[in-house]
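Visitor: would you be able to build a 3D model of this:
(2 chains)
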Amino acid sequence: MQFVERTPWIASFHIDYHLGIDGIALPLLVLTSIITVLVLIAGWEVIDYKPSQYVAAFLILGGLMNGVFMAQDAILFYVFFEGMLIPMFIIIGVWGGPNRVYATIKFFLYTFLGSVFMLLGLIYLYLKGQSFNLSDMYAMSLTLSEQTWLFFAFLVAFAVKIPMWPVHTWLPDAHVEAPTGGSMVLAAVMLKVGGYGFLRFSLPIAPDASAEYAWVIIALSLIAVVYIGFVALAQEDMKKLIAYSSISHMGFVTLGLFIAFALVLDKNAADMAAVGVQGAMVQMISHGFVSAAMFGAVGVLYDRMHSRMIADYGGVVNRMPWFSAFVVLFAMANCGLPGTSGFVGEWMVILGTVKVNFWLAALAATALIFGAAYNLWMVKRVYFGEVANAQVKALTDIDSREFLMLALLAAAVMWMGLYPKPFTDVMHVSVTQLLQHVAQSKLN
Amino acid sequence: MNPLNWMVVLPEIVLLAMACIIAIADLFLTDPARRITFWLTQGTLAAVALLHLDAFNAGQSAFGMQGMVVSDSLGHLLALFACLAVMVTLAYAQPYVGSRDMQKGELYTLSLFSLLGVCVMVSANHFLVVYLGLEVMSLSLYALTALRRDHGQSTEAAMKYFVLGALASGFLLYGLSMMYGATGSLDIQRVFEVIGKGQANQSVLVFGLVFIVAGLGFKFGAAPFHMWVPDVYHGAPTAITLLIAGAPKLAAFGMAMRLLVEGMLGLATDWQQMLVVMALASLCVGNLGAIAQTNLKRLLAYSAIAQIGFVLLALASGVVSGNTLSAGNAYSSALFYMVTYVLTTLGSFGVVMLLSRQGFESEEISDLAGLNQRSPWMAAVMTLFMFSLAGIPPLVGFYAKLSVLQALVTTNVTGYLWLAVIAVLLSLIGAFYYLRVIKVMYFDEPAADARRIHNERGVQALLAVNGAAVLVLGLLPGGLMAMCSTAIVRALAT
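Guide: Here you go, the predicted structure:
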């Protein structure tokens, strides 16, 4: 834990303003900061309705997201976690598409529903330990039934955020209606808050309950990976397709996190568990860049054609060669082609899973096939082939602003794919430490 | 017997004297010079607030008027916030009353008298003094509600308020008489001792208690005694609605503390059950009822009912299986909730008032449509209030809910844990209608005839301060929490 800042905040409840960064938080902070800049680039000439409020909302959101990843005090975390909803609610509602009001209220209430239970769980932990400090909560011993309640309270909060099947339905709506920048942040960073929450709260605070109920999460993850993969295949709206693919990819994250229990406890393979958890982390970061890129690319098209429907396009590559090159790269990364960032995380997670059970791994690996199917099929229908209509014919290739945005994302995707070591090195110590917590039973 | 000890009631004497002086002085003022009345009133309120602040800081407890009133931190803190609430209300009301022929001396003198009632109630040490203060406050408010005599809706609201309020007062008085019958005294300390010794007839006590709690329920506006709240909030001129929604809530809290906690803590198990039922009913009625409203004032009225539910929950969690250890925690969270709620309410009704123009009451939710385009700044402030009422961090409403939930969970009794779960679920439903207000302001197009809004600088600045207070107290709630807990701890110690 570095860069620690700690001052008493609300003395009567022993709440501190306590920030700190470790190996789990650092990559996410980097991701958040880069994405916030890219979002502003993406909206630069596009947003003409109250641009000052637009930028203000994203900057506030950026600050709150950084806060979420740095908070070492449970209530401070909760404040940032909930606070994020306010700017996002406004962003979707003001700058969103035609059905934005429904989408944004659904988004808000869904997330709020989840997090209030977490709040009760946190207050209960405070009752036990008289402290909202996370490290105190890690050290606290709890009975299995207490842990179970806490585990499910946290699960509701983070499962909605990730989102896991079956509480994912807010995501396609929110993504479709959000402006490009909103979708980028939502997919790239806000979904990661859920995975991060599992790492910070569920696993170390309720390790025994997590181990007990890991099968629930693993089952839900596999459903997300496989079933949602099929759902993505059927989408006709590009943003919806990417949204469903996000859910499917986040299934890998939860799978990697919870497969660790089986590895540590049953197979006694802690190093393999570390691979699984790191794979989940890498998958989060990678998906952050890839999904932001995919949504950014849809935004580029939408700004020109004002349509997200796959059927309205065809043969875009003829008019926009540079742009299409980028898109194909991102689509490949999205289906996990070796050499791109998408491969590394999924491969590590599958590697961990194979160790536990071959058939689970096989099921998870089908995601690579479905991923290739829906991504490539979309690329084929939108970008390749003959120029479909006059509007496509009138398209112009990306300008330097859009090029900058896509090129930065492409660089990040390639770098993580070809040389992921800096990322895994940063995480390694913190993940090992976390797994030690996880392996240690809190039942005395 | 205690001496008279005039200094104990110095703030009240100043308030009474100035109210009379303003009433007389106003007779000699013509309409254009009414601002003098306004400034005299504000000066008086500021002076009284300072006196209360001073007494709060001194932190001593003293009895006066032969033990009829007490000067303690709790009373002074509540009176201080009540003064501030009335000051802010009158300031917000300036453009509103000016354009509605309500700029009369009565508005100011009656406001001062209602405040006097509040101050008497919160510093009472005798059941009859509580009742006296209550009547001074209520009668002034009835009259104020009917201030626009020629306005049908207002008179109707005043009539409802009066009839139901009188009924509630009757309940309360009847309950107090039962208490007197059982304990042989109306002095709060004495009643406490008698109940503590267990000499009083339990069934008479509890019978009286039911009526007292019912009377309190009316004054809080808690379900099932909430019927008057939406009608009166809606029917009264908005300036008066704000007077009713602000200081009297603090007074009701003070009354609950004096009667239930200081007088009848020995019966806590009995009245806590009643409060829990009322709290749950309020949460349900308030949150579910608000969804169907199209009128903003009615919506805020239902929201008031729901918020009171939280206060009652905190009040009901003080004594756990005969143990008063967590009482200070519970009551101070209730006080914090009440104070921050009043602060937020002031602002949200302030916005409603500022949006009204000559001959136009901006009270439908649809009147807020596109407010972000007409006045981005007011929309932002209103958003803060709505998110705060919904309990979203980092606004002050979140810490209020947090402290109440914390009080509930701290009891570590399964029943209370379930109460906490129900409370958060219902407040989740509540979030929906607050969001709807924000949705209308930000996402809807303004009506075709809507213009940009220009307000007087002073009122605008006040609204900004109010909004900033909601945010700053949200970022740094420690100070106010500490103040509340000091007041409660001192009150419990005596």
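Visitor: how about low-confidence regions in the chain?
Guide: Since you didn't name a chain, this refers to chain A. Counting by pLDDT under 70, the ranges of chain A that qualify are A:267, A:444.
Visitor: you answered for a different chain; I wanted chain B.
Guide: If you take pLDDT under 70 as the line, chain B has these spans: B:1-2, B:358-359, B:450-451, B:494.
Visitor: what residue is smack in the middle of it?
Guide: With distances taken as CA atoms, centre = their mean, B:K249 lies nearest the centre of chain B, 1.8 Å away.
Visitor: from B:V465, how far out is that one?
Guide: 21 Å (CB to CB, to the nearest Å). Just so you know, the C-beta spots here come from the backbone N, C-alpha and C atoms, and that holds for glycine as well.
Visitor: same check, this time on A:V216
Guide: 50 Å.
Visitor: what segments of chain B are strands?
Guide: B:62-64, B:69-71 (DSSP state E).
Visitor: deepest of those strands, which one?
Guide: Of those, the one with the most neighbours on average (mean count of other CB atoms under 10 Å in any protein chain shown) is strand B:69-71, at a mean of 25.
Visitor: and the strands of chain B: which comes nearest chain A?
Guide: Proximity to chain A (CB to the nearest CB) singles out strand B:69-71 among the strands of chain B, at 24.9 Å.
Visitor: and the contacts of that closest one?
Guide: B:8-9, B:55, B:60-64, B:120, B:123-126, B:129, B:494 (CB atoms under 8 Å, 6 or more residues apart in numbering or on different chains).
Visitor: and if we set it to 6 Å?
Guide: B:V8, B:A62, B:F63, B:S123, B:A124, B:N125 (CB atoms under 6 Å, 6 or more residues apart in numbering or on different chains).
Visitor: please apply the same query to stretch B:163-175.
Guide: So stretch B:163-175 is in contact with B:S138, B:G208, B:F211, B:I212, B:A214, B:G215, B:F218, B:W228, going by CB under 6 Å, 6+ apart.
Visitor: and with 10 Å instead?
Guide: B:127-128, B:130-131, B:134-135, B:137-139, B:141-142, B:145, B:207-219, B:225, B:227-229, B:231-232, B:255, B:259 (CB atoms under 10 Å, 6 or more residues apart in numbering or on different chains).
Visitor: that stretch: which residues count as buried?
Guide: B:L164, B:G165, B:A168, B:S169, B:F171, B:L172, B:L173, B:Y174, B:G175 (16 or more other CB atoms under 10 Å in any protein chain shown).
Visitor: how about the fifth one: what's its closest non-neighbour residue?
Guide: Spelled out, it's B:F171. B:G215 (4.1 Å; CB to CB, 6 or more residues apart in numbering or on different chains).
Visitor: from the contacts of strand B:69-71, pick the one nearest A:T36.
Guide: B:S123 (53.3 Å; CB to CB).
Visitor: you'd agree the closest one is up against B:L80?
Guide: No: shown here, B:S123 and B:L80 do not form a contact pair, counting by CB atoms under 10 Å, at 11.5 Å.
Visitor: which of these two has more neighbours?
Guide: Using other CB atoms under 10 Å in any protein chain shown as the criterion, B:S123 and B:L80 rank with B:S123 on top: 30 against 26.
Visitor: please name the residues that touch the more buried one.
Guide: Contacts of B:S123 (CB under 10 Å, 6+ apart): B:8-9, B:11-12, B:52, B:55, B:64-65, B:68-72, B:74-76, B:78-79, B:129-130, B:133, B:254, B:258.
Visitor: from B:T241, how far off is the one residue in the stretch 151-300 of chain B that gets nearest to chain A?
Guide: Using CB to the nearest CB, the closest approach of the stretch 151-300 of chain B to chain A is made by B:I291 at 12.3 Å. Look at B:I291 and B:T241: by CB to CB, they are 21 Å apart.
Visitor: what is the helix or strand that contains A:T432 packed up against?
Guide: Following DSSP states H and E, one finds A:T432 within helix A:421-439. When contacts are defined as 3 or more CB pairs under 10 Å, 6 or more residues apart in numbering or on different chains; DSSP states H and E, helix A:421-439 packs onto helix A:25-42, helix A:134-139, helix A:203-205, helix A:207-212, helix A:238-261, helix A:270-305, helix A:341-356, helix A:400-418.
Visitor: that helix versus helix A:25-42: what angle between them?
Guide: Relative orientation of helix A:421-439 versus helix A:25-42 (axes from the mean of the first three to the mean of the last three CA atoms, to 10 degrees): 130 degrees.
Visitor: sorry, back to before: go through the helices and strands packed on helix A:421-439 and pick out the most buried.
Guide: Comparing the helices and strands packed on helix A:421-439 by mean count of other CB under 10 Å gives helix A:238-261 as most buried, with a mean of 28.
Visitor: need the contact list for the residue lying closest to A:G299 once chain neighbours are set aside.
Guide: Leaving aside its chain neighbours, A:G299 sits nearest to A:T180 (2.9 Å; criterion: CB to CB, 6+ apart). Going by CB under 10 Å, 6+ apart, A:T180 touches A:39, A:42-43, A:46-47, A:95, A:239, A:292, A:295-303.
Visitor: and with 8 Å instead?
Guide: Here A:T180 is in contact with A:A42, A:G43, A:V46, A:F295, A:G296, A:V298, A:G299, A:Y302, A:D303 (CB under 8 Å, 6+ apart).
Visitor: now the nearest residue to B:V421 once chain neighbours are set aside: how far from B:I24?
Guide: In this structure, B:V421 finds its nearest non-sequential neighbour in A:L120, 6.5 Å apart by CB to CB, 6+ apart. To B:I24, A:L120 is 57 Å away according to CB to CB.
Visitor: looking at these two, which one has more neighbours?
Guide: A:L120 (21 against 11).
Visitor: what sits against the more buried one?
Guide: Counted by CB under 8 Å, 6+ apart, A:L120 has contacts A:A153, B:L405, B:V409, B:L417, B:A420, B:V421, B:V424.
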